[in-house]
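Undergrad: structure for this input, please:
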Amino acid sequence: MITVVLFLFTCIVDMTLANSYFYYKKDGEESPCKGLWQCDTNLDNTVNFNCTEESDECSCSDSNTFVACVNAFCSNHLYPFKPSPCTKDSYIFAQEQTDLTDEQQNPNSLNPSEGNTVSLNCTFHIKDNYKNHQYVVYWIKTENVVSTCVYSYDFNPHDGLHYNHHCNIDAELSKRISNISSEPSAQHNFHHLTINESQLSDSGRYRCVLNVLKKNNDWKVISDITVTVDKRTTTSKPDPVSTSAVPFYVTAALLVLLLLVIISVMILKKKRIKSRDTKNILEQSSRNKNQEETDCSPYAVGWGQETPQSLVQQPNAVIRTNGHNTNMTEPYSVLKFNSIYQSSDH
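TA: Below you'll find the predicted structure:
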């Protein structure tokens, strides 16, 4: 029982550490596995051969083959990008077939900044002699030789359409990635990927690969794009102390300005009051001076209607001329107020 548990634990640990490799080549290559391995030469995800170093019947050296290095023969299925619990490493050996499509491979590169959107385009037209056959479109990301599947489109005329059937996409990346794909019957096929809010970990080589499952199970790389995500330039954050002090400085400046305005208004008001007082003093002085000049005259002139303090009305004034009294009524009378002009003789 303990042996079985340890075996299963070892398989699980190896599965978490398992890597996948995409070898796109022109000639056959021997299996890199040592000890035990499995082969799928039909690319239908079913194991054809369980091989050992002592076995002479394994034909895993052929081109266009899936190979898995394993700890034990615990599965009859082989998915290069979805390893079984016993898988240590997986390999795809793909031989180029240039006649699959009319398009020529044109390597490209993208250099987005961290946080920006990355657009990966793949467009092709399958030639007539390869149409109406099952085919798979992969978007394969390779970084430091290790490959992962970020998208797959599996079309089978008898079984319909399956998305990402061959992939084990990272959960975090699956939230940021989206695709636009054409219908299988379309004249021109396209499988465009969009990676939103790009991260530094998104850097790598992305290849759109077509695999037509006909006879030799031919492969062709349609798009080859190298993505290098630049680290976002961080700007220095403002000092929280100085930031919090800004309102204080603004308030202090406003208070000083208000104080200056109040002082200016008070000074102007004081000057106006002083000017008005000076004017009043000068006017009063002028009136007093005129009054003094009037008081120096021994006579005052009136029209007969003034009060006795200034003018005395004498409607029946008598003038004696040549020993005769004559009554006269004048519109005004002249009175003598200042005694200094009075004669001692009447």
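
Undergrad: so how far is the one helix or strand residue 205 maps to from its chain's centroid?
TA: Using DSSP states H and E, residue 205 falls within strand 204-212. With CA atoms, centre = their mean, to the nearest Å as the basis, strand 204-212 stands 33 Å off its chain's centre.

Undergrad: please apply the same query to stretch 97-113.
TA: Using CA atoms, centre = their mean, the offset of stretch 97-113 from its chain centre is 33 Å.

Undergrad: ends of it, how far apart?
TA: 35 Å (CA to CA, to the nearest Å).

Undergrad: which parts of it are buried?
TA: For stretch 97-113, burial by neighbour count (16 or more other CB atoms under 10 Å) applies to 97, 100, 101, 103, 110, 112. All C-beta atoms are positioned from the backbone trio N, CA, C, and that covers glycine.

Undergrad: next SSE downstream of the strand holding residue 205?
TA: Following strand 204-212 in sequence order, the next helix or strand is strand 218-227 (DSSP H and E).

Undergrad: which stretches in the stretch 1-150 of the chain count as strands?
TA: Using DSSP state E, counting those that start in this stretch, the strands of the stretch 1-150 of the chain run over 19-25, 36-40, 49-52, 65-70, 87-95, 106-110, 118-120, 123-124, 135-143, 146-156.

Undergrad: could you measure the closest residue to residue 33 other than its chain neighbours against residue 283, distance?
TA: Closest residue to residue 33 apart from its sequence neighbours, by CB to CB, 6 or more residues apart in numbering: residue 69 at 3.7 Å. Distance check for residue 69 against residue 283: by CB to CB, to the nearest Å, it reads 120 Å.

Undergrad: ok, the two, which is more surrounded?
TA: residue 69 (23 against 10; other CB atoms under 10 Å).

Undergrad: which residues sit in contact with that one?
TA: By CB atoms under 8 Å, 6 or more residues apart in numbering, the contact list for residue 69 reads 32, 33, 34, 35, 36, 37, 87, 88, 89, 90, 91.

Undergrad: ok, now how distant is the first one from residue 69?
TA: Just to be clear, that refers to residue 32. In this view, residue 32 and residue 69 are 7 Å apart by CB to CB.

Undergrad: shared neighbours of those two, anything?
TA: Common contacts of residue 32 and residue 69, defined by CB under 8 Å, 6+ apart, comprise 89, 91.

Undergrad: quick check: mean pLDDT of the helix ranked longest in the chain?
TA: The residue-count maximum for a helix in the chain (DSSP state H) belongs to helix 240-295. Taken as a whole, helix 240-295 has a mean pLDDT of 74.

Undergrad: what is that helix packed up against?
TA: Judged by 3 or more CB pairs under 8 Å, 6 or more residues apart in numbering; DSSP states H and E, helix 240-295 is in contact with no other helix or strand.

Undergrad: gap between stretch 163-177 and the chain center?
TA: For stretch 163-177, the distance to the chain centre is 27 Å (CA atoms, centre = their mean).

Undergrad: I'd like the numbering to begin with 817 instead of 1 from here.
TA: Renumbered: residue one is now 817, and that last one reads stretch 979-993.

Undergrad: and the contacts of that stretch?
TA: With CB under 8 Å, 6+ apart, stretch 979-993 has contacts from 861, 895-898, 952, 954, 964-970, 995, 1009-1013, 1018.

Undergrad: whichever of those end up buried, select them in PyMOL.
TA: The buried subset of those, as determined by 16+ other CB under 10 Å, is captured in PyMOL by this line:
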select buried, resi 895+896+897+898+952+954+964+965+966+967+968+969+970+995+1009+1011+1018
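
Undergrad: distance of residue 1064 from residue 1073?
TA: Noted for residue 1064: a distance of 15 Å to residue 1073, by CB to CB.

Undergrad: what's the spacing between residue 916 and residue 1030?
TA: From residue 916 to residue 1030 the distance is 10 Å (CB to CB).

Undergrad: overlap in contacts, the two.
TA: Counting by CB under 8 Å, 6+ apart, the residues touching both residue 916 and residue 1030 are residue 946.

Undergrad: sorry, back to before: dump the contacts of residue 885 to a markdown table, plus pLDDT and neighbour count.
TA: Listed next are these as a markdown table, based on pLDDT from 0 to 100; neighbours: other CB atoms under 10 Å:
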| residue | pLDDT | neighbour count |
| --- | --- | --- |
| 848 | 81 | 13 |
| 849 | 85 | 22 |
| 850 | 85 | 10 |
| 851 | 87 | 11 |
| 852 | 91 | 18 |
| 853 | 91 | 26 |
| 903 | 93 | 27 |
| 904 | 92 | 20 |
| 905 | 94 | 20 |
| 906 | 93 | 26 |
| 907 | 93 | 24 |
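
Undergrad: okay, now the unreliable bits of this protein?
TA: Within the chain, the segments meeting pLDDT under 70 span 817-833, 842-846, 872-873, 875, 877-878, 1050-1063, 1104-1162.
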